[in-house]
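Enquirer: Got a predicted structure here, sequence first:
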Amino acid sequence: MTFATNLEVDNSILRGPQNRYIESEVILLENENRGRKFGQAPETGGGWLSFTAMFGHWHIHKNGNFTIEIKSGDIASISGTFYPETCPETEIGYAVFQSFKSQSIAYNTESRTRRYAYENLILTTLTTSIVPDSAHSQRFAKRISALYKKTYKPLLKTKIGCSIATSSRKHFYE
């Protein structure tokens with residue numbers, strides 16, 4: 001059990017981590033192209049660790065990643081807030097299954113998650129990581145009005161250094 005609330009957006013429901021999502025999310029988190037952004041590599045079994053960490057994050061912080069379930073019942077992505085001890089600010093992030101890319105799922109669920117963070121968690125800024133060699137990541141940051149803040153070295157097992165950008169409550173409501 002988590003403290004997660006359910007949120008709705010368009011054709012999706014954002015839910016906290018649940019046992020029934022283990023298999024789908026471990027596959028997503030261990031995907032070579034997506035899992036490394038979460039600090040996990042397929043060969044480490046890190047998808048399981050990342051998934052179980054979601055439960056702990058909700059338990060400790062009362063917020064975290066949501067599983068994005070489209071109304072048909074399929075799992076499309078994860079999106080949520082993340083505030084590990086190694087980060088100076090709360091980060092908002094997402095990962096989308098390849099078969100659901102380019103359907104505005106990331107944007108719609110990330111926007112709903114940001115609204116939840118600003119209105120319910122009373123946060124004033126959120127950060128997002130921009131993967132340097134990912135045009136999609138850079139476009140997404142621009143779409144959510146995130147402004148470049150700094151570049152940092154990887155904190156976890158990933159070898160990807162990322163730029164960090166900040167979006168503010170003020171820009172969200174403009």
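Expert: Great, that's in hand.
Enquirer: From here on, just use CA atoms for contacts and neighbour counts.
Expert: Will do.
Enquirer: which element follows the helix or strand of the chain with the lowest mean pLDDT toward the C-terminus?
Expert: The weakest-scoring helix or strand in the chain, judged by mean pLDDT, DSSP states H and E, is helix 32-35 (a mean of 54). Per DSSP states H and E, helix 32-35 leads on to helix 46-61 as the next helix or strand towards the C-terminus.
Enquirer: That next one - what's its average pLDDT?
Expert: Average pLDDT, helix 46-61: 77.
Enquirer: what helices or strands is that helix leaning on?
Expert: helix 22-29 (3 or more CA pairs under 8 Å, 6 or more residues apart in numbering; DSSP states H and E).
Enquirer: the strands in the chain, which residues?
Expert: Taking DSSP state E, the strands of the chain run over residues 7-9, 12-15, 65-70, 75-82, 91-96, 125-130, 147-152, 162-168.
Enquirer: Columns mean neighbour count and distance to Phe55 on top of those, output as JSON lines?
Expert: Below are those laid out as JSON lines (neighbours: other CA atoms under 10 Å; distance: least, CA to CA, whole Å):
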{"stretch": "strand 7-9", "mean neighbour count": "16", "distance to Phe55": "17"}
{"stretch": "strand 12-15", "mean neighbour count": "21", "distance to Phe55": "12"}
{"stretch": "strand 65-70", "mean neighbour count": "24", "distance to Phe55": "9"}
{"stretch": "strand 75-82", "mean neighbour count": "24", "distance to Phe55": "12"}
{"stretch": "strand 91-96", "mean neighbour count": "22", "distance to Phe55": "16"}
{"stretch": "strand 125-130", "mean neighbour count": "24", "distance to Phe55": "21"}
{"stretch": "strand 147-152", "mean neighbour count": "14", "distance to Phe55": "26"}
{"stretch": "strand 162-168", "mean neighbour count": "20", "distance to Phe55": "25"}
